[in-house]
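1. What follows is a predicted protein model with its sequence.
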Amino acid sequence: MPRVPAHLRERALGMLQGGMRTADVARAINCNVRTVRRLRQRYRETGRTADRPRSGRPRVTTPAQDRYIRTSHLRDRYRMATTTARVTPGTHNPSISAQTVRNRLREAGLRACRPVVRQVLTRHHRQQRCLWAQTHRRWTRQDWQKVLFTDESRFCLTRGDGRIRVYRRRNERYTEACTLERDRFGGGGSVMVWGGVSQHHRTELVVIAGNLNAVRYREDILLPHVVPFLQAHPDMTLQHDNATSHTARSVRDFLQDRNVSVLPWPAKSPDLNPIEHVWDLLDRRVRARAIPPRNVWELAGALVEEWGNISQQELANLVQSMRRRCTAVLNAAGGHTRY
């Protein structure tokens with residue numbers, strides 16, 4: 001029987017039950033009379049208008065083999081489909097194909113994706129993250145709005161962020177239209193910046209020439225930017241991570257001499273700092289500009305301009321996620337979170 005959409009089948013059945021002639025029903029849904037007759041006969045036999053089950057192509061794996069494929073890849077998430085295919089005999093062939101393994105995994109809801117890259121967390125790191133989250137999970141929004149979250153980030157002029165996809169046919173992998181050209185290691189230069197955000201405020205975005213050490217952090221960041229900001233907002237606390245330029249003795253003494261309150265921070269915990277998402281947002285805004293930066297000077301200018309264009313509400317939403325971040329760390333037993 002020619003394929004008739006499901007809604008037309010139901011409509012035709014209603015017409016037949018309403019007393020219309022078969023020819024009139026066929027004319028109304030634009031199909032052959034024999035199609036309508038077979039539709040009525042099928043409904044009388046099965047009580048349905050859907051197609052009868054068809055045998056289709058016979059499966060080359062048994063239900064037990066399907067379970068083996070699924071459990072093997074759940075135990076080893078990095079196991080390759082070709083490895084499983086080599087050790088799994090088929091019902092009709094000596095072995096099954098890697099595509100068959102992928103099909104079975106897809107049926108089980110498992111798809112091949114890029115793994116998320118995170119820092120190595122030791123047992124001590126996980127314990128410290130849990131302890132910090134346990135201490136701060138009951139902080140209110142009023143508590144978090146008194147924290148100035150700061151960090152540095154480096155933006156490359158050209159880089160691949162893994163978000164680009166190309167649609168291609170088989171054997172088109174190395175064609176000109178499907179090849180993305182870029183320099184290795186983010187060629188073209190890069191720009192390092194420093195910034196700070198809070199619930200209601202933000203600092204200037206500072207462009208850092210070269211690398212940042214403890215002396216430059218104290219003289220170029222803390223003295224001209226952080227200390228005046230905290231003096232204007234005396235109830236706020238400084239947050240920075242455990243980079244060597246932040247934890248040097250000279251920096252600690254400098255902050256202590258100026259009565260700057262510093263929020264203790266667990267090691268290797270960028271997922272707890274909302275400014276990491278600000279960097280990603282800033283990068284997206286720069287990449288989306290109509291005229292992309294062509295050199296590091298244009299990149300620096302674009303970063304400063306887009307930093308000012310980020311709405312304060314977006315920053316506030318990120319700061320307000322701190323309680324959820326603490327809960328996520330506790331639920332992960334100090335491990336990695338979705339943040």
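-> Happy to help now that I have it.
2. excluding its backbone neighbours, what's nearest Q134?
-> Leaving aside its sequence neighbours, Q134 sits nearest to L330 (Cβ to Cβ, 6 or more residues apart in numbering; 6.6 Å). Using the backbone N, CA and C atoms, a C-beta is placed for each residue, glycine as well.
3. Give me the three-state assignment for the one you found.
-> helix (DSSP: H, G, I helix; E, B strand; the rest coil).
4. Let's see stretch 197-207 as CSV, backbone CA atoms only.
-> C-alpha atoms of stretch 197-207 as CSV (Å, rounded to 0.1, in the frame of the first residue of the first chain):
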residue,chain,number,x,y,z
VAL,A,197,33.5,41.3,38.9
SER,A,198,31.0,41.4,41.7
GLN,A,199,27.3,41.5,42.2
HIS,A,200,27.0,45.2,41.5
HIS,A,201,30.4,46.3,40.3
ARG,A,202,33.3,45.5,38.0
THR,A,203,36.8,46.8,37.7
GLU,A,204,38.6,48.0,34.6
LEU,A,205,39.9,45.4,32.3
VAL,A,206,43.7,45.7,32.5
VAL,A,207,45.8,44.6,29.6
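5. show me the residues around the residue nearest to Q134 that make contact.
-> Residues near L330 by Cβ atoms under 8 Å, 6 or more residues apart in numbering: C130, A133, Q134, R137.
6. distance of A85 from N295?
-> A85 sits 49 Å away from N295, taking Cβ to Cβ, to the nearest Å as the criterion.
7. These two - which one has more neighbours?
-> A85 (18 against 10; other Cβ atoms under 10 Å).
8. What number of neighbouring residues does the closest residue to that one other than its chain neighbours come out with?
-> Nearest residue to A85, sequence neighbours excluded (Cβ to Cβ, 6+ apart): A98, at 4.5 Å. A98 has 15 neighbouring residues, counting by other Cβ under 10 Å.
9. if I look at A98, how far off is A288?
-> 38 Å.
10. what do you get for E176?
-> 26 Å.
11. what's the answer for W265, then?
-> For W265, the distance to A288 - Cβ to Cβ - is 31 Å.
12. Of those two, give the one with the bigger neighbour count.
-> Regarding W265 and A288, a neighbour count based on other Cβ under 10 Å identifies W265 as having more, with 16 against 9.
13. per-residue confidence at the more buried one?
-> What the model reports as pLDDT for W265 is 96.
14. Let me know the secondary structure of it.
-> coil.
15. Isn't R126 up against A333?
-> Yes: counting by Cβ atoms under 8 Å, A333 is a contact partner of R126 at 6.5 Å.
16. Once you drop chain neighbours, what's closest to V215?
-> S250 (7.3 Å).
17. Pick the one among the contacts of L330 closest to E172.
-> A133 (47.9 Å; Cβ to Cβ).
18. pLDDT score assigned to the closest one?
-> pLDDT, A133: 96.
19. residue contacts, it?
-> A133 touches L272, R325, C326, T327, V329, L330, G334, counting by Cβ under 8 Å, 6+ apart.
20. mind redoing it with 6 Å?
-> C326, V329, L330 (Cβ atoms under 6 Å, 6 or more residues apart in numbering).
21. Now stretch 148-157: average pLDDT?
-> On average, stretch 148-157 scores 94.
22. and what of stretch 14-28?
-> pLDDT averaged over stretch 14-28 gives 90.
23. Okay, buried residues for it please.
-> Residues of stretch 14-28 classed as buried: M15, L16, M20, T22, V25, A26 (neighbour count, 16 or more other Cβ atoms under 10 Å).
24. Stretch 247-258 now?
-> A248, V251, F254, L255.
25. Determine the three-state secondary structure at the last one.
-> When you say that, I think you mean L255. Under three-state DSSP, L255 comes out as helix.
26. which residues touch the lengthiest strand in the chain?
-> Longest strand of the chain, by residue count under DSSP state E: strand 147-156. By Cβ under 6 Å, 6+ apart, the residues outside strand 147-156 that reach it are 186, 190-192, 194, 196-198, 236-240, 263, 273-275, 279.
27. Tell me the bridge partners for V191.
-> Here V191 sits in beta bridges with F155, as judged by DSSP bridges.
28. which one is H277 nearest to, not counting chain neighbours?
-> L318 (5.4 Å).
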